[in-house]
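Novice: Sequence and computational prediction follow.
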Amino acid sequence: MCPKLKTGGNKLKEKLLNLGLNEEIYNEYRNDSEGHIGRVIAEYKGLYKIATEEDDILAKVSGKYIKGVVDTKDFPAVGDWVLVDRKSNKNGDGIISKVFPRKSVVSRKVAGKRLDTQIIASNIDYLFICMSANNDFNLRRLERYITIGWDSGAIPVIIITKIDLCENLANIKNEIESISYGIDILYVSALENEGIEKIDKYLFKGKTIGFIGSSGVGKSTLINLLLGENIQSVNNVRENDQRGRHTTTHRELFVIKEKGVIIDTPGMREIQLLDNINGINDSFSEIIALSKKCKFNDCKHNTEPGCAVREAIDSGNLTIDRLNSYNKLIREALYLEKKNSIKEKKVKRKQV
Ligand SMILES: Nc1nc2c(ncn2[C@@H]2O[C@H](COP(=O)(O)OP(=O)(O)OP(=O)(O)O)[C@@H](O)[C@H]2O)c(=O)[nH]1
Ligand SMILES: [Zn+2]
């Protein structure tokens, strides 16, 4: 249970608890003598909407804060707990002076050639990876999302949406189960209200669920169902077009009464991973387990004798596509790692 909060009566304290405040973060906050605690619930250009114990306020980061920023990931993100100088919007925009340590961070590399990290959401307990059972379904993309999931520190859960549009669900189930070790998978249709009740077991007061996935897979529709009201705008799909148009423009955080917090994120077009080799290894844990049985420690699983990975492929226990996908992601990660170390060296040289 959260210790008694510094200010406010029970109702205000309740608001922060409903927003997901836990003892760990609250203790961090208590060490700061000045300011109020709030959670970032939406992000606009350079402006953040913060839910405080009293009000939802708009706030910017302080000049001093900006001076300390080394990477884009140092800026506040939706889901962050921050220190702000006011708790109501009566006196204009607030100033954010600190981001409290993040318990988990869902991030990817920004699109394009830049190396910066883009934080999708933070302080998430469960990451709902949404993919539709119709034309969005893509196993290789799912592997990327799972990697982001394991890398985040949150628990990934796969949500296969729009199952009413899928004629071969059994095939899809087989394919997904072959690549998602240790991950819960839910099959849902928001349209036909099918499987939605299974989501209930992840909804707890104080816990945060983040939704990620491509645009139009039905994240907002599902969230609306869970919230029980139409807060998010949902676009109607044109006839014969199973893809929704892009609707979410910024990440938003919602509180479900007594059942935790949901963070919706804008649909992603491209998922570029960071140099997260650990996340990749977690996502392909069966390949890692097999490679420990290879005769040579540095086996590349090509033509080496005694290769357990190749043996698994030959016996039909592993697909060649899965191995190729693993190799491709590792290559991407190593390439990024190299580019990052060159960038770091350049920065250091400038500092000397
Ligand atoms: N057939 C069917 N259509 C659905 C289902 N869920 C959502 N849709 C439709 O899919 C379209 C896109 O849904 P959204 O909820 O806006 O998708 P989104 O993932 O939030 O999209 P972005 O906001 O772009 O990220 C809408 O027209 C929904 O009505 C479902 O279970 N079955
Ligand atoms: Zn091998």
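Specialist: Nice, I can see it. Residues are numbered from 1 along each chain as shown. Ligands and ions are numbered 1, 2, ... in the order given.
Novice: hey, let's count contacts and neighbours off CA atoms from now on
Specialist: Will do.
Novice: tell me which strands and helices the lengthiest helix in the chain is in contact with?
Specialist: For the chain, the helix with the greatest residue count under DSSP state H is helix 320-351. If you count contacts as 3 or more CA pairs under 8 Å, 6 or more residues apart in numbering; DSSP states H and E, helix 320-351 packs onto helix 277-283.
Novice: I'd say Asp80 and Val105 touch.
Specialist: No: if you go by CA atoms under 8 Å, Asp80 and Val105 don't touch, sitting 9.3 Å apart.
Novice: What residues does the stretch 251-352 of the chain have near ligand 2?
Specialist: Those residues of the stretch 251-352 of the chain that sit near ligand 2, judged by CA under 5 Å from the ion, are Cys294, Cys299, His301, Cys307, Val309.
Novice: what's the spacing between Leu127 and ligand 1?
Specialist: 14 Å (CA to the nearest ligand atom, to the nearest Å).
Novice: Surely that residue is in a strand?
Specialist: Yes: the assignment for Leu127 by DSSP: H, G, I helix; E, B strand; the rest coil puts it in a strand.
Novice: which one is the most centrally placed residue in the chain nearest to, not counting chain neighbours?
Specialist: For the chain, Val106 is the residue whose C-alpha lies nearest the centre (CA atoms, centre = their mean; 3.7 Å). Once flanking residues are discounted, Val106 sits nearest to Ser152: 4.7 Å by CA to CA, 6 or more residues apart in numbering.
Novice: what's that neighbour in contact with, if anything?
Specialist: For Ser152, the contact set (CA atoms under 8 Å, 6 or more residues apart in numbering) comprises Ser104, Val105, Val106, Ser107.
Novice: who touches the last one in this structure?
Specialist: Neighbour list for Ser107: Thr117, Gln118, Ile119, Ile120, Ala121, Ile148, Ser152, Leu274 [criterion: CA under 8 Å, 6+ apart].
Novice: ok, now with 10 Å
Specialist: 73, 117-122, 148-149, 151-152, 271-274 (CA atoms under 10 Å, 6 or more residues apart in numbering).
Novice: Am I right that it is in a helix?
Specialist: No: per three-state DSSP, Ser107 lies outside any helix segment and is strand.
Novice: now it, which residues is it bridged with?
Specialist: Ile119 (DSSP bridges).
Novice: So what's the predicted local confidence for it?
Specialist: If you check Ser107, the pLDDT there is 89.
Novice: Check Glu53 too.
Specialist: Turning to Glu53, the model gives it a pLDDT of 89.
Novice: was I right about it contacting Asn89?
Specialist: No: shown here, Glu53 and Asn89 do not form a contact pair, counting by CA atoms under 10 Å, at 11.9 Å.
Novice: more crowded one of these two?
Specialist: Taking neighbours as other CA atoms under 10 Å, Glu53 and Asn89 compare with Glu53 leading, 24 against 14.
Novice: on that earlier part again, please enumerate the shared neighbours of Asp80 and Val105.
Specialist: By CA under 10 Å, 6+ apart, the residues touching both Asp80 and Val105 are Ala121, Ser122, Asn123, Ile124.
Novice: Run through the residues that contact Asp151.
Specialist: 104-108, 145, 273-274, 276-283.
Novice: tell me the secondary structure for it?
Specialist: helix.
Novice: again with Ile209
Specialist: Once three-state DSSP is applied, Ile209 turns out strand.
Novice: burial count for it?
Specialist: Neighbour count for Ile209, taken as other CA under 10 Å: 26.
Novice: rewinding a little: go through the residues of the stretch 251-352 of the chain next to ligand 2 and flag which are in helices.
Specialist: Reading helices off those with DSSP H, I get Val309.
Novice: can you pick the most crowded of the residues of the stretch 251-352 of the chain next to ligand 2?
Specialist: Neighbour counts for these, by other CA under 10 Å, peak at Val309, which reaches 27 neighbours.
Novice: For PyMOL, write a command that selects the buried ones of the contacts of Asp151.
Specialist: Provided next is the PyMOL selection string for whichever of these are buried by 16 or more other CA atoms under 10 Å:
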select buried, resi 104+105+106+107+108+145+273+274+276+277+279+280+281+282+283
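Novice: So which of the contacts of Asp151 is the closest to ligand 1?
Specialist: Of all those, ligand 1 sits closest to Tyr145, with 14.6 Å by CA to the nearest ligand atom.
Novice: need the contact list for the closest residue to Asp275 other than its chain neighbours.
Specialist: Among residues not flanking Asp275 along the chain, Ala333 sits closest, at 4.2 Å (CA to CA, 6+ apart). Counting by CA under 10 Å, 6+ apart, Ala333 makes contact with Gln272, Leu273, Leu274, Asp275, Asn276, Ile277, Ile280, Asn327, Lys339.
Novice: Please report phi then psi for the fifth one.
Specialist: The reference is to Asn276. Backbone torsions for Asn276, taken as degrees, to the nearest 10, come to phi -100, psi 70.
Novice: pretty sure Glu28 is in a helix, no?
Specialist: Yes: the assignment for Glu28 (three-state DSSP) places it in a helix.
Novice: Thank you kindly, that will do.
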